[in-house]
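Trainee: below is the structure, and that's it, no one-letter string:
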């Protein structure tokens, strides 16, 4: 996507609520709601791709950081009356700190063991959210989380702004010398060390920043729904993220964004039953990993190359 | 003070002593070869010196600093470059980027500076690209600068790995079998490259199986057998050493 194309997409994204109002006025609320979801999921998927796509660490712990951020914001806002921006910042910092601390033992594991370890971490985090009733409210959830903006359109722009921030940070981290160091660790760890790169430092960097950003998205999500429940941070979210990132194109921002749009908006619009959705996602994931490991982005790149 | 001093290095694997009290010294500007039959401990010694394996005993001094149990990336940043026996590149990075990676860690590593791409870093990057292109041309890969390293042939990847190791202009270069599994033309090319480095005053320590290469270019040869140093000297003397002949050909 060159400059002009990117500008067009950006302008369309910003103007989306008005376009929706013009095209489908009777369904406006529902469509804009789907757009908010899409922007939040896109931001979350990008934060996940920092870890999975750029340092090649197949973490399954991302819902945990999303949940930590969501609960941090929810608790600070409802119990201590913190203003929105303050609890958002706190959510990013706390989730990032949890990722940094969890990363120390987790990165002692490699490859499959790392995936299993992070999965275990995510499951434990979910159990804590369900059972630590005094803090999280357990299955009763935290309710009446204040909404910092009132209208749906305003929510959409807020989510879009968050996506913009994540995208800028993502691009900064994955290009130039920083990105090259991350990619070197991903491609060949011993050789990266011979080049003077401390592999652990860069893995931890991606894991911490990815976790922090996931926490920020979690905070926005909690404020948007105004309810935060333990079910929001289960393995189902991991599956969603895996589908978005791997189907879209792991390690490529365009691919991840396309994946987020396709797999957040489409199932909503098609009114797909959640049960069937997971079955279809599982099948799709299998097909894509076998047939086109580079995802949709890979298909697009191949077509562009053929032209 | 020698550039590299290895004193009584010991490395054991589950009771097998792979390196058994080896002393090794490399002076600045020398071209030294480490030879020995398969399983004599050459690569293990290499990996202990470069921090990839923790030594069980002995000391390694590089530029006077004790690096015995230092991490590989720290040793690399002190100016000890190495290549790997099994050809090793960053497959998804371009050939040019493979070289750039090897220089950037020796320069500004502040995360924020890198994120913000400070003018200083942009200037260093431009210089690095210049240097990388020169080195790619030196090994005959100028035309493949933007190709993913994974798409290069085996020999090309070997040359790329060699050029990458030269990127930071290391004080000491450890080459692990640069002539293994490549065709005779490329063996000669490698020989020329190593000799050219030597003429420029670079210090090179070579692990090599190919006796012709070793005897042709080395100033001094160190022979390992069963983890122990059994001979050391100029190539001509090593060729006649009865102990070496026995280790290689048996009685």
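Mentor: On my side now, so go ahead. Treat the numbers as computed from the prediction; the structure is a model and nothing was measured. Numbers count the residues shown, from 1 in each chain, chains lettered A, B, ... in the order given.
Trainee: longest helix anywhere in the chain?
Mentor: If you meant another chain, say so; for now it's chain A. helix A:199-225 (DSSP state H).
Trainee: try chain B instead
Mentor: From DSSP H, the single longest helix across chain B is helix B:119-138.
Trainee: next SSE downstream of it?
Mentor: helix B:154-166 (DSSP states H and E).
Trainee: next SSE downstream of that next one?
Mentor: Past helix B:154-166, the next helix or strand by DSSP H and E is strand B:172-176.
Trainee: buried residues in the helix or strand just after that following strand?
Mentor: For strand B:172-176, the following helix or strand on the C-terminal side (DSSP H and E) is helix B:184-199. Using 16 or more other C-beta atoms under 10 Å in any protein chain shown as the test for burial, helix B:184-199 gives B:186, B:187, B:189, B:190, B:191, B:193, B:194, B:197, B:198. (Each C-beta comes from the backbone N, C-alpha and C, glycine too.)
Trainee: kindly report the same for stretch B:8-21.
Mentor: Buried, per 16+ other C-beta under 10 Å, within stretch B:8-21: B:9, B:10, B:11, B:17, B:18, B:19, B:20.
Trainee: can you tell me which of those residues is closest to residue A:163?
Mentor: Set against residue A:163, the nearest of the buried residues of stretch B:8-21 by C-beta to C-beta is residue B:11 (51.8 Å).
Trainee: for the closest one, which three-state class applies?
Mentor: When classified by DSSP: H, G, I helix; E, B strand; the rest coil, residue B:11 comes out as strand.
Trainee: so how far is residue B:5 from it?
Mentor: Distance, residue B:11 to residue B:5, using C-beta to C-beta, to the nearest Å: 17 Å.
Trainee: cool, and residue B:49?
Mentor: Taking C-beta to C-beta, one finds residue B:49 at 10 Å from residue B:5.
Trainee: which one of these two is surrounded by more residues?
Mentor: residue B:49 (26 against 18; other C-beta atoms under 10 Å in any protein chain shown).
Trainee: so residue B:42 makes contact with residue B:34?
Mentor: Yes - counting by C-beta atoms under 8 Å, residue B:42 sits close enough to residue B:34 to count as a contact (5.2 Å).
Trainee: intersection of neighbour lists for those two?
Mentor: Contact criterion C-beta atoms under 8 Å, 6 or more residues apart in numbering or on different chains; residues shared by residue B:42 and residue B:34: B:207, B:224.
Trainee: what's the neighbour count on residue B:143?
Mentor: 10.
Trainee: actually residue B:137, sorry about that
Mentor: Residue B:137: 13 neighbours (other C-beta under 10 Å).
Trainee: and the gap between it and residue A:44?
Mentor: 45 Å.
Trainee: and if you look at residue B:40?
Mentor: From residue B:40 to residue A:44 the distance is 54 Å (C-beta to C-beta).
Trainee: also residue A:77?
Mentor: Residue A:77 is 20 Å from residue A:44, by C-beta to C-beta.
Trainee: in which helix or strand does the residue of chain A found nearest chain B reside?
Mentor: Closest residue of chain A to chain B, C-beta to the nearest C-beta: residue A:196 (3.3 Å). Assigned by DSSP H and E, residue A:196 falls within no helix or strand.
Trainee: count the residues that sit near it.
Mentor: If you count neighbours by other C-beta under 10 Å, residue A:196 ends up with 26.
Trainee: go ahead and confirm it touches residue B:106.
Mentor: Yes - judged on C-beta under 8 Å, residue A:196 makes contact with residue B:106 at a distance of 6.0 Å.
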